[in-house]
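> model this:
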Amino acid sequence: MKIAIFSDNFYPELSGISDSVVALAKELAERGHEINFYVPKYAPKDFKKLNPFAKELDLGNKIKIIRLFSFSYPAATGQSRLVIPSGLSLASIKEFKPDVIHSQLFFGVGLEALLAAKINKIPFIGTNHTAITEFARYAPIKAKWFKNLMLKYAVWYYNRCKFVTAPSQAVFDEMAEYGFRRPHKVISNPIDLKIFRPRMDDREGGAATRKEFNLSENTVVYAGRLAAEKNIDVIIRAIALAKEKVPTINFAMAGHGIAMESLKNLAKELGVEKEVKFLGTLDKQMLAKIYRASKIFAIASTSETQSMTLMQAFGCGLPAIGVKARALPEYINQRNGFLVEPGDYKTLAEKFVFLFKNPIERQALSMGALEFIQNFSAERIAGAWEEIYKNNLS
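Numbers count the residues shown, from 1 in each chain. From the prediction side, this is the model:
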């Protein structure tokens with residue numbers, strides 16, 4: 001099968017969407033399918049935000065990446081790009097002759113996908129990864145009517161698809177209020193459990209990694225964008241409070257974003273600048289080591305449609321503490337972690353203390369996380385996508 005995947009968000013931009021579509025494509029390619037990516041062209045500085053030596057992905061001879069001219073767009077990562085739909089992909093689509101076009105988002109590249117599907121009469125499938133009202137905070141207009149307009153536009157877009165998926169029911173619930181009516185199904189993003197797995201020996205995590213990054217044995221970890229909607233300040237406040245009962249507590253953050261300076265200032269203000277570690281953007285192998293060197297994953301975001309980093313942490317056997325918002329209650333349960341109310345840093349601190357002081361309970365949740373995450377391996381999710389593609393070809 002030939003599959004054209006269009007995405008407004010792609011490597012090197014820090015994003016769960018980018019991670020998930022690459023993982024899916026790699027697994028599909030291993031099954032013999034051919035994939036063409038149609039994604040924005042990023043500037044050299046966007047690659048350097050990952051690391052000084054970052055370059056284009058080499059995904060093998062069955063996966064091709066076609067970059068579309070784009071403009072810089074202000075967003076949390078400082079890397080986002082905007083593609084003006086202009087039909088630039090049409091010649092490549094005509095040559096590739098895909099069996100299906102799969103759009104991952106509904107902005108400029110998404111419109112390019114819709115145009116290519118309509119002109120070439122190719123089955124059009126959409127995935128919505130986005131909490132639309134949260135994304136609207138980066139729009140040039142902040143008024144409520146503009147958020148509603150964005151929701152209506154997204155629903156208009158996905159109502160043009162033959163079939164639609166999302167990584168959580170919360171996404172469909174939001175769209176349903178605005179008239180979404182197409183056949184749909186919740187499909188998780190795939191997790192590479194060959195990378196994100198419990199450590200086999202100390203070289204893969206534990207004492208060696210803690211020494212390298214100056215982490216204590218009582219480390220809480222977060223990974224992802226450092227952005228306002230992630231509410232990382234709530235975790236820092238909880239760390240400061242928990243420190244009274246767990247003096248050796250640390251908080252490790254992997255990622256970058258426009259909120260970094262304000263978070264550093266908050267840590268200093270609360271007297272935990274030594275306990276709060278900003279690790280920068282890490283590759284997946286090193287991120288897995290950080291997970292394996294930590295004991296708890298924390299996420300206070302109110303914008304998640306799933307959270308790839310949460311799922312990766314589960315793969316490494318970490319229990320999670322999250323908030324009761326959007327998709328997180330669909331993935332965090334009593335067998336793999338705890339949920340607290342958004343913004344409730346006091347209860348979050350209590351959960352940190354409880355898990356650090358109760359290793360048997362922590363281990364039970366760790367085992368629950370490992371059992372839970374097996375349902376979301378790249379192999380299983382790719383199999384589910386093969387069925388969706390096949391069922392929507394005609």
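> going by C-alpha atoms from here, please, whenever you check contacts or count neighbours.
Fine.
> pretty sure Gly108 contacts Arg81?
No: judged on CA atoms under 8 Å, Gly108 makes no contact with Arg81 at a distance of 9.5 Å.
> which one's more surrounded, the two?
More crowded of Gly108 and Arg81, by other CA atoms under 10 Å: Arg81, with 24 against 21.
> so His102 versus Ala4, what's the distance?
Look at His102 and Ala4: by CA to CA, to the nearest Å, they are 6 Å apart.
> sorry, slip of the keys, the one I care about is Leu115.
13 Å.
> more neighbours: which of those two?
Just comparing Leu115 and Ala4: by other CA under 10 Å the higher neighbour count belongs to Ala4, 24 against 17.
> wait, is the more buried one part of a strand?
Yes: applying DSSP: H, G, I helix; E, B strand; the rest coil, one finds Ala4 inside a strand.
> for it, give its distance to Val246.
The value you get for Ala4 to Val246, if CA to CA is used, is 51 Å.
> between Gly108 and Arg81, which contacts overlap?
Asp8 (CA atoms under 8 Å, 6 or more residues apart in numbering).
> any low-confidence regions in the stretch 51-200 of the chain?
Along the stretch 51-200 of the chain, segments meeting pLDDT under 70 span 133-142.
> for it, just list every one of the helices.
90-96, 108-120, 132-135, 144-158, 169-176 (DSSP state H, counting those that start in this stretch).
> mind putting those helices in JSON lines, distance to Ile299 included?
Output for the helices of the stretch 51-200 of the chain, formatted as JSON lines (distance: least, CA to CA, whole Å):
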{"stretch": "helix 90-96", "distance to Ile299": "40"}
{"stretch": "helix 108-120", "distance to Ile299": "29"}
{"stretch": "helix 132-135", "distance to Ile299": "16"}
{"stretch": "helix 144-158", "distance to Ile299": "25"}
{"stretch": "helix 169-176", "distance to Ile299": "17"}
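> tell me the most buried of the ones you listed?
helix 108-120 (a mean of 21; mean count of other CA atoms under 10 Å).
> could you give the angle of it to strand 2-6?
Going by axes from the mean of the first three to the mean of the last three CA atoms, to 10 degrees, helix 108-120 is angled at 140 degrees with respect to strand 2-6.
> packing partners of helix 108-120?
Counting contacts by 3 or more CA pairs under 8 Å, 6 or more residues apart in numbering; DSSP states H and E, helix 108-120 packs against strand 2-6, strand 34-40, helix 90-96, strand 100-103.
> which of these sits closest to Thr209?
strand 34-40 (34.8 Å; CA to CA).
> nearest residue to Leu68 other than its sequence neighbours?
Closest residue to Leu68 apart from its sequence neighbours, by CA to CA, 6 or more residues apart in numbering: Pro40 at 4.8 Å.
> gap between that neighbour and Ser70?
6 Å.
> what is in contact with these two at once?
Common neighbours of Pro40 and Ser70 (CA under 8 Å, 6+ apart) are Arg81, Leu82, Val83.
> pretty sure the second one is touching Tyr73, no?
Yes: between Leu82 and Tyr73 there is a contact at 5.9 Å, judged by CA under 8 Å.
> how many neighbours does Glu269 have?
As a burial measure, Glu269 scores 10 neighbours (other CA under 10 Å).
> quick one: residues contacting it.
Counting by CA under 8 Å, 6+ apart, there are no residues that Glu269 touches.
> need the pLDDT of it.
pLDDT for Glu269: 98.
> look up phi and psi at it.
phi -60, psi -40 (degrees, to the nearest 10).
> what about it, distance to Ala228?
For Glu269, the distance to Ala228 - CA to CA - is 18 Å.
> and if you look at Ile63?
Ile63 is 35 Å from Ala228, by CA to CA.
> please apply the same query to Lys45.
23 Å.
> more crowded one of the two?
Ala228 (20 against 14).
> contacting residues for the more buried one?
Ala259.
> ok, Phe37 next?
Contacts of Phe37 by CA under 8 Å, 6+ apart are Ala4, Ile5, Phe6, Ser7, Ile63, Lys64, Ile65, Ile66.
> who does it form a beta bridge with?
Beta bridges link Phe37 to Ile5, Ile65 when assigned by DSSP bridges.
> and Thr127, how far from Glu95?
The separation that Thr127 has from Glu95, given CA to CA, amounts to 24 Å.
> hmm, I typed the wrong one, I wanted Gly255.
Distance of Gly255 to Glu95, given as CA to CA: 38 Å.
> what is the neighbour count of the closest residue to Ala227 other than its chain neighbours?
Nearest residue to Ala227 in three dimensions, chain neighbours excluded: Ala259, at 5.0 Å (CA to CA, 6+ apart). If you count neighbours by other CA under 10 Å, Ala259 ends up with 19.
> most widely separated two among the contacts of Phe37?
Ser7 and Ile63 (14.5 Å).
> compare the two (neighbour count), which wins?
Ser7 (25 against 20).
> strands along the stretch 151-300 of the chain, start to end?
For the stretch 151-300 of the chain, strands defined by DSSP state E, counting those that start in this stretch occupy the ranges 163-166, 184-186, 218-223, 249-254, 276-280, 296-298.
> and of these, who's closest to Glu27?
strand 163-166 (18.3 Å).
> just to revisit the earlier point, okay if I get the helices and strands packed on helix 108-120 as JSON lines plus distance to Gly206?
Below are the helices and strands packed on helix 108-120 laid out as JSON lines (distance: least, CA to CA, whole Å):
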{"stretch": "strand 2-6", "distance to Gly206": "38"}
{"stretch": "strand 34-40", "distance to Gly206": "37"}
{"stretch": "helix 90-96", "distance to Gly206": "47"}
{"stretch": "strand 100-103", "distance to Gly206": "40"}
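> if anything else comes up later, I'll come back, but that's it for now.
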